[in-house]
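**Q** Here is a sequence with its predicted model. Questions after.
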Amino acid sequence: MSGCTRTVDRGRGSRSLRAEAGSITVETLMTISVLFVMLLLIVAAGWYVTARDTVSLAAVEAARAASLARDADQARVLAESGARIVLDNSDIRCTSTSVVVDTSGFAVPVGEEATVTVTVSCEVPLAQYGLPGLGDRTETATAGSAIDTYRERG
């Protein structure tokens, strides 16, 4: 051999190894627990981003739909409908939803630039994503869309 020798101490050292034999199990369980909590937090963050983006998309769609309307009343109906369609077809479930439409742009004379603005709010229960005890979170997004400058407004 190349001069390497292996010595085994069967004296006092073997007693301490037996005393620490269960510590690997405890350390493994603690590590797995921490990794599991981290995984849950990553999933929760993903759901949070999904909810935020969905509400933002609902606001954009509602504003676009409202800008195509001929008058303020039709704009409100189209905005509400557009936001509901986006939210209903998403993975998030709102416990309450609010769609507020600013139709003051329909009062601007034809030939002048005007916009319609929509604010969508959605109360998302965090318990549905496996996060019990955290309550609800209200996501709100606002979007605007230009009204055709030369189209007749009612």
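**A** The structure has been received and is ready for your questions. The model shown is predicted, which means the values in this text are computed figures rather than measured ones.

**Q** Could I get the full set of strands for this protein?
**A** Using DSSP state E, the strands found in the chain span residues 96-102, 114-125, 136-147.

**Q** Which of the residues in the second one are classified as buried?
**A** Within strand 114-125, the residues that qualify as buried are 114, 116-125, counting by 16 or more other C-beta atoms under 10 Å. Placement of C-beta: from N, CA and C, glycine included.

**Q** Residue 58 versus residue 79, what's the distance?
**A** 10 Å (C-beta to C-beta, to the nearest Å).

**Q** next one: residue 137
**A** Remark: distance between residue 137 and residue 58 (C-beta to C-beta) = 16 Å.

**Q** just residue 39 next, same as before
**A** 29 Å.

**Q** Those two: who's more crowded?
**A** Shown here are residue 39 and residue 58; by other C-beta atoms under 10 Å, residue 58 has more neighbours (31 against 10).

**Q** so who does the more buried one touch?
**A** 82-83, 86-87, 120, 122, 141 (C-beta atoms under 8 Å, 6 or more residues apart in numbering).

**Q** If I take the longest helix seen in the chain and strand 136-147, what angle do their directions form?
**A** Ranked by number of residues, the top helix in the chain under DSSP state H is helix 23-67. Relative orientation of helix 23-67 and strand 136-147, computed by axes from the mean of the first three to the mean of the last three C-alpha atoms, to 10 degrees: 30 degrees.

**Q** the inter-axis angle of helix 23-67 versus strand 114-125?
**A** Using the same axes, to 10 degrees: helix 23-67 against strand 114-125 is 150 degrees.

**Q** start the count at 16, not 1, going forward
**A** In the new numbering, first residue 16, that becomes helix 38-82.

**Q** related to what we said a few turns ago, from the buried residues of strand 129-140, which two are the most distant?
**A** By the measure C-beta to C-beta, 129 and 140 form the most distant pair in the buried residues of strand 129-140, at 37.5 Å.

**Q** I'd like the strands of the chain laid out as a markdown table, including distance to residue 45 and mean pLDDT.
**A** Output for the strands of the chain, formatted as a markdown table (distance: least, C-beta to C-beta, whole Å; pLDDT from 0 to 100):
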| stretch | distance to residue 45 | mean pLDDT |
| --- | --- | --- |
| strand 111-117 | 41 | 96 |
| strand 129-140 | 31 | 94 |
| strand 151-162 | 30 | 94 |
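
**Q** Many thanks, have a good one.
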